[in-house]
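Asker: have a look; sequence and predicted model below, questions after that.
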Protein chains: 2
Amino acid sequence: MSRWKPDAVGRLMGAALALFDEQGYDETTVADIAGRAGLTRRTFFRYFPDKREVLFSGAEHLEQVFAEAVKQAPEAASPMQALRAGLAAACEVFAGVHPYARVRARVIAANPELQERELIKLERLASKVAEALANRTASTSLAVLAADMGARVFHRAFAEWVANDDPDALGPTAARMLDDLGALWDDRP
Amino acid sequence: MSRWKPDAVGRLMGAALALFDEQGYDETTVADIAGRAGLTRRTFFRYFPDKREVLFSGAEHLEQVFAEAVKQAPEAASPMQALRAGLAAACEVFAGVHPYARVRARVIAANPELQERELIKLERLASKVAEALANRTASTSLAVLAADMGARVFHRAFAEWVANDDPDALGPTAARMLDDLGALWDDRP
């Protein structure tokens, strides 16, 4: 007999994040999280396989948005234009969640296991973007490298965004970083 | 009472690689490796903390060579020229070991845990290169991104090298990939 729980996912995420931040990730159990959210362990496991995935549950959505925007770029768009469109769309996903993102970043920075997980998710993001870019570039390896760059620029812009106060800086930071990176080749003869 | 064992490290590495490839990484024990090399477990543990590190023991040397070549580039060299020099030096490390590298790649491709380890090593490589580049770029985040890119280009060129027959292709492949990547920005207005 279960009552309807409005926004159980959001409550569990908020509770998990608060507890990870307050008392440490390793020290927090699923029972703690469910308790703080006013829900049961059973409800927790209806939405998440384990406590770690609470922190990474948005990764698939991000991958889809980034890759879809790359695919949807006009046929005549260059690979770089498609990548820019994907990057901008990915940044839009985080509109309004700067405070949450900052706490999450603090939790991850405190735990090497979570940092490794973050890297693996970043790798998956890059591989989805590479698939989306593949028919726009001269070779698969170039699509893969361009996607790596897009994912890395996103990752570094995100890190700069959570380290600073401006909640609207993510998109502009990512666009600027991508431009700065390209300018490194301006020394070509 | 231990006898002198010429090239124990080389013998252990060769034995480990052969066994990982023949019977699987998970199925191979340190005792198997030592036995195949004609050495004892104790000798194994004098050189390696565990069987996994046999596959990654060259990572630090690679980091040093790559980073050192970046640092040693002439003061007037652009960040991209320094990165190119580092990449070329890193590729030189693998002269003569194409057959070994191919088997190692096969072993790693068969095991997700090893792939994750490889990614973490790649991340460490990038961070060493970023340190070496830092005083050449306008910002730390640009050094970090450029180093990420250098490490990624190395990684992808390496993957292409082990997938193909030419033992001398690593350096030229890496240089070409870096150029191709830069050319993606040529659509700038």
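Answerer: Right, received. Where do you want to start?
Asker: so which residues on chain A come close to chain B?
Answerer: Within chain A, the residues that sit near chain B (Cβ under 8 Å from any Cβ of the partner chain) are A:78-81, A:83, A:116, A:119-120, A:123, A:137-139, A:141-142, A:144-146, A:148-149, A:152-153, A:156, A:160, A:177, A:180-185, A:187-188. All C-beta spots, glycine's among them, are computed from the backbone N, C-alpha and C.
Asker: PyMOL command for the buried members of the residues you listed?
Answerer: In PyMOL, this line selects whichever of the residues of chain A next to chain B come out buried by 16 or more other Cβ atoms under 10 Å in any protein chain shown:
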select buried, chain A and resi 78+79+80+81+83+119+120+123+137+141+142+144+145+146+148+149+152+153+156+160+177+180+181+182+183+184+185
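Asker: mind listing which of the residues of chain A next to chain B are in helices?
Answerer: Using DSSP state H, A:79-81, A:83, A:116, A:119-120, A:123, A:141-142, A:144-146, A:148-149, A:152-153, A:156, A:160, A:177, A:180-183 are the members of these that sit in helices.
Asker: hmm, A:Leu62 is touching A:Arg124, no?
Answerer: No. Look at A:Leu62 against A:Arg124 with Cβ atoms under 8 Å: they stay out of range, at 9.8 Å.
Asker: so A:Leu142 makes contact with B:Asp180?
Answerer: Yes. Counting by Cβ under 8 Å, A:Leu142 does reach B:Asp180; the two are 5.2 Å apart.
Asker: average pLDDT across stretch A:86-96?
Answerer: On average, the pLDDT along stretch A:86-96 is 97.
Asker: what's the answer for stretch A:49-64, then?
Answerer: Computed over stretch A:49-64, the mean pLDDT rounds to 95.
Asker: domain parsing for chain A?
Answerer: Domain assignment for chain A, taken from automatic domain parsing, gives A:8-52, A:58-187.
Asker: which one of the ones you listed is the most hemmed in?
Answerer: Among those, the stretch with the highest mean neighbour count (mean count of other Cβ atoms under 10 Å in any protein chain shown) is domain A:58-187, at a mean of 18.
Asker: end to end, how far does that domain reach?
Answerer: 39 Å (Cα to Cα, to the nearest Å).
Asker: off-centre distance for that domain?
Answerer: Put simply, domain A:58-187 sits 8 Å off its chain's centre (Cα atoms, centre = their mean, to the nearest Å).
Asker: in chain A, where is pLDDT below threshold?
Answerer: A:1-6, A:188-189 (pLDDT under 70).
Asker: quick one, strands of it?
Answerer: Applying DSSP state E to chain A gives no strands.
Asker: would you confirm that A:Leu125 contacts A:Gly58?
Answerer: No. Contact between A:Leu125 and A:Gly58 fails when scored by Cβ under 8 Å: they sit 11.2 Å apart.
Asker: now A:Leu55. Nearest residue, chain neighbours left out?
Answerer: Once flanking residues are discounted, A:Leu55 sits nearest to A:Arg104: 6.2 Å by Cβ to Cβ, 6 or more residues apart in numbering or on different chains.
Asker: quick check: that neighbour touching A:Leu17?
Answerer: Yes. Using Cβ under 8 Å, A:Arg104 makes contact with A:Leu17 at a distance of 6.2 Å.
Asker: okay, and the common contacts of the two?
Answerer: Residues touching both A:Arg104 and A:Leu17 (Cβ atoms under 8 Å, 6 or more residues apart in numbering or on different chains) are A:Leu55.
Asker: please tell me I have it right and A:Ala110 contacts A:Gly24.
Answerer: Yes. Contact criterion Cβ under 8 Å: A:Ala110 and A:Gly24 qualify, at 7.3 Å.
Asker: what residues are up against A:Met13?
Answerer: Applying Cβ under 8 Å, 6+ apart, we find A:Met13 in contact with A:54, A:57.
Asker: distance check, it against chain B.
Answerer: Using Cβ to the nearest Cβ, to the nearest Å, A:Met13 is found at 25 Å from chain B.
Asker: do the same with A:Leu62
Answerer: As judged by Cβ to the nearest Cβ, A:Leu62 and chain B stand 18 Å apart.
Asker: contacting residues around that residue?
Answerer: Taking Cβ under 8 Å, 6+ apart, one finds A:90, A:93, A:125 in contact with A:Leu62.
Asker: which non-adjacent residue is nearest the first one?
Answerer: This points to A:Ala90. Counting by Cβ to Cβ, 6+ apart, A:Ala90 lies nearest to A:Phe66, which is 4.1 Å off, once chain neighbours are set aside.
Asker: and the one you found, how far is that from A:Arg124?
Answerer: A:Phe66 sits 11 Å away from A:Arg124, going by Cβ to Cβ, to the nearest Å.
Asker: same thing with A:Gln81?
Answerer: On the measure of Cβ to Cβ, A:Gln81 and A:Arg124 end up 24 Å apart.
Asker: next: A:Ala89.
Answerer: 17 Å.
Asker: got it, and A:Arg117?
Answerer: A:Arg117 sits 11 Å away from A:Arg124, going by Cβ to Cβ.
Asker: same check on A:Glu118?
Answerer: Separation of A:Glu118 from A:Arg124 (Cβ to Cβ): 11 Å.
Asker: swap in A:Val103?
Answerer: Distance, A:Val103 to A:Arg124, using Cβ to Cβ: 23 Å.
Asker: try A:Ala73
Answerer: Distance from A:Ala73 to A:Arg124, by Cβ to Cβ: 21 Å.
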